[in-house]
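Novice: here is a sequence together with a model predicted from it:
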Amino acid sequence: MNKVYQFLNLHFGEEAKDKVLENVTSSISFRGANVWILACAIAVASVGLNVNSTAVIIGAMLISPLMGPIVGAGFALAIYDFDLLKKSIKNLAIATVVSLFVSFLYFLLSPFKEAQSELLARTAPNIYDVLIAFFGGLAGVIALTRVEKGNPIPGVAIATALMPPLCTAGYGLAIGNFSYFGGALYLYTINCFFICISTFLIVKLLKYPKVKFVDSAREKRITRTITTLILVILIPSFYLAYQLLQEKKYSQNVDAFLQEEFINKGYTLIYEKTSFNSRPKKIELAFLDKKFANTEIEDLNKKLTDYGITNTNLVIRQDSTDLKRDILAEISKQSRNVSEKDVTIQNLRTELSTYTFNDAELIKEINILFPELAPYSIGKQLVVVNPDSSFHQNIITYNAQKPLNDNTTLKLQKWLENKLGTKSVRIVRAN
């Protein structure tokens, strides 16, 4: 048992505490070279996110000095050093502003503004981001307190959780997408908190001595202030981690439900939207060709609890007009960079659909009821009465050897008006 303790003992190979504190304090300040190194690291990370290159992003982390102020804040909280805490927060704010400005400037000038997968992954927090920040912070701080710094390099572990969200926030500012900006900045803030928490825990575990004060009243006041700050950071952070974990479990349960109840049965899912934060939660689905009766939808809602999905309303969208609008809105929200050519093609398709007649069932009925009409064409024609007035007219042009008699023509016209639900029907024989 003693050998196991020695094997896991963090005090083995530990650097002198006063020397570690001196190194931490000296690395907090962002002046001169540190600012330029940070700016270069952020620029490299922005390029990596822009071209979707993980290797370039990792390269930027190797030169990033971002860990200093956050580790300093964690040390300050653990040893009750209020002056060190103020200095850390001030320099963290400077580093954040510099990083946002450099990434904003890069993406503003970059001709490539498409949102790549590496960028999109940093627009909202999830439980894995929290774990990366926490364990990255642990690794970084443990390495920082060693005599032999070794591998991993402390800054890389910290930068993993900080640099990409900062660059993504700058990207959101540059393209005017405040959803990206807010989500990425929120992720950055969460990661800062969890790195700070991991630093606080390691410093407490290694039993770093508290700062001594000559004035006992000031010591009590600072102790109360920092204790309050610790609670303010710890309680919301752990609650947030719990919420993100619940959201991840909910997402997994929804995936299992969709797989078992729809995909394994051969239904083609074309639209899915899960609203975890709504009350009640909502799952909206649409399928390519499967239509569900109201009783089937009620049964599916009852089955949700079998998959651990509670307080949730399942909605299956079956109105083709509303569904098309929602799908297009979702696509538009995901990609704002539609080219002019694509817009032109879509407009032409919309315009063409106005004049195209694609009712195969109606054409089959015409062939059965009026075989003497063939060959014929059917379509829609724009009739202009004057510059301010026009309407669309359904027109059949036939080329039969013998013209239809008046009775057959009238019968065909009335039948078409009834089938199409319009009085604008015209039958013409081609010369």
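Specialist: Alright, I've got the coordinates. Residues are numbered from 1 along each chain as shown.
Novice: going by C-alpha atoms from here, please, whenever you check contacts or count neighbours.
Specialist: Noted.
Novice: just the strands in the stretch 101-250 of the chain please.
Specialist: For the stretch 101-250 of the chain, strands defined by DSSP state E, counting those that start in this stretch do not occur.
Novice: low-confidence ranges in it?
Specialist: Across the stretch 101-250 of the chain, the ranges flagged by pLDDT under 70 are 148-161, 213-214.
Novice: let me see the ranges of the helices in it.
Specialist: Taking DSSP state H, counting those that start in this stretch as the criterion, the stretch 101-250 of the chain carries its helices at 117-120, 127-144, 154-175, 178-205, 216-261.
Novice: figure out which of those is closest to residue 100.
Specialist: Nearest to residue 100 among the helices of the stretch 101-250 of the chain is helix 154-175 (5.0 Å), distances taken as C-alpha to C-alpha.
Novice: what's the most buried one of the helices of the stretch 101-250 of the chain?
Specialist: Counting by mean count of other C-alpha atoms under 10 Å, helix 154-175 has the highest mean neighbour count of these, with a mean of 26.
Novice: can you tell me the average pLDDT over stretch 79-98?
Specialist: Per-region confidence: stretch 79-98 scores 89 on mean pLDDT.
Novice: buried set for that stretch?
Specialist: Across stretch 79-98, burial judged by 16 or more other C-alpha atoms under 10 Å covers 79-82, 84-85, 87-89, 91-92, 94-96, 98.
Novice: so which residues make contact with it?
Specialist: With contacts defined as C-alpha atoms under 8 Å, 6 or more residues apart in numbering, stretch 79-98 is touched by 25, 28-30, 35, 38-39, 66, 68-70, 72-73, 76-77, 166, 208-211, 222-223, 226.
Novice: what of stretch 224-232?
Specialist: Taking C-alpha under 8 Å, 6+ apart as the rule, stretch 224-232 contacts 77, 80, 82.
Novice: and the buried residues of stretch 79-98, which is closest to residue 302?
Specialist: Distances from residue 302 to those, taken by C-alpha to C-alpha, are shortest for residue 96, at 48.3 Å.
Novice: if I look at the closest one, how far off is residue 29?
Specialist: Using C-alpha to C-alpha, to the nearest Å, residue 96 is found at 13 Å from residue 29.
Novice: can you check residue 418 too?
Specialist: In terms of C-alpha to C-alpha, residue 418 sits 81 Å off from residue 29.
Novice: also residue 13?
Specialist: Computed as C-alpha to C-alpha, the residue 13 to residue 29 distance reads 27 Å.
Novice: settle it for me: which of the two has more neighbours?
Specialist: Remark: of residue 13 and residue 29, residue 29 carries more neighbours, 20 against 12, as counted by other C-alpha atoms under 10 Å.
Novice: the more buried one - nearest residue in space that isn't next to it in sequence?
Specialist: Nearest residue to residue 29, sequence neighbours excluded (C-alpha to C-alpha, 6 or more residues apart in numbering): residue 91, at 6.0 Å.
Novice: just to be sure, that neighbour is in a helix?
Specialist: Yes. Per DSSP: H, G, I helix; E, B strand; the rest coil, residue 91 lies within a helix segment.
Novice: contacting residues for residue 48?
Specialist: So residue 48 contacts 54, 55, 56, 57 (C-alpha under 8 Å, 6+ apart).
Novice: please, which helix or strand holds it?
Specialist: Assigned by DSSP states H and E, residue 48 belongs to helix 33-50.
Novice: please apply the same query to residue 394.
Specialist: Using DSSP H and E, residue 394 sits within strand 389-398.
Novice: make CSV from the contacts of residue 48 and add distance to residue 297 and neighbour count to it.
Specialist: Shown next, in CSV, are the contacts of residue 48 (distance: C-alpha to C-alpha, whole Å; neighbours: other C-alpha atoms under 10 Å):
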residue, distance to residue 297, neighbour count
54, 44, 13
55, 47, 10
56, 48, 16
57, 46, 26
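Novice: right, and out of these, which lies closest to residue 268?
Specialist: residue 54 (33.4 Å).
Novice: can you tell me how far the nearest residue to the closest one once chain neighbours are set aside is from residue 317?
Specialist: Leaving out its chain neighbours, the residue that sits closest to residue 54 by C-alpha to C-alpha, 6+ apart is residue 48, at 6.5 Å. From residue 48 across to residue 317, the span is 39 Å (C-alpha to C-alpha).
Novice: for residue 174, same thing?
Specialist: For residue 174, the distance to residue 317 equals 36 Å [C-alpha to C-alpha].
Novice: check residue 194 too.
Specialist: 40 Å.
Novice: one more: residue 426?
Specialist: Distance of residue 426 to residue 317, given as C-alpha to C-alpha: 37 Å.
Novice: next one: residue 39
Specialist: Between residue 39 and residue 317 the computed distance is 48 Å (C-alpha to C-alpha).
Novice: neighbour count for the two, which is higher?
Specialist: Taking neighbours as other C-alpha under 10 Å, residue 39 and residue 317 compare with residue 39 leading, 21 against 17.
Novice: thought that one was touching residue 102?
Specialist: Yes. Using C-alpha atoms under 8 Å, residue 39 is in contact with residue 102, at 6.2 Å.
Novice: helices of the stretch 301-431 of the chain, residue ranges please.
Specialist: Assigned by DSSP H, counting those that start in this stretch, the stretch 301-431 of the chain shows helices spanning 320-334, 340-355, 360-369, 406-420.
Novice: mind listing what's buried in the helix holding residue 48?
Specialist: Buried residues in helix 33-50 (16+ other C-alpha under 10 Å): 34-35, 37-50.
Novice: quickly list what the nearest residue to residue 377 once chain neighbours are set aside is bridged to.
Specialist: Using C-alpha to C-alpha, 6+ apart and skipping residues adjacent in sequence, the residue nearest residue 377 is residue 397, 5.3 Å away. Residue 397 has these beta-bridge partners by DSSP bridges: residue 377, residue 428.
Novice: might one say that residue 397 is in contact with residue 373?
Specialist: No. With contacts counted by C-alpha under 8 Å, residue 397 stays clear of residue 373, the gap being 9.2 Å.
Novice: and those two? Which one has more around it.
Specialist: In terms of neighbours (other C-alpha under 10 Å), residue 373 is the more surrounded of residue 397 and residue 373; the figures are 23 against 18.
Novice: just checking, that one touches residue 401?
Specialist: No. When contacts are counted by C-alpha under 8 Å, residue 373 is not listed as touching residue 401 (9.3 Å).
Novice: list residues touching both of the two?
Specialist: Common neighbours of residue 373 and residue 401 (C-alpha under 8 Å, 6+ apart) do not exist.
Novice: hang on, residue 291 in a strand?
Specialist: No. Applying three-state DSSP, one finds residue 291 to be coil, outside a strand.
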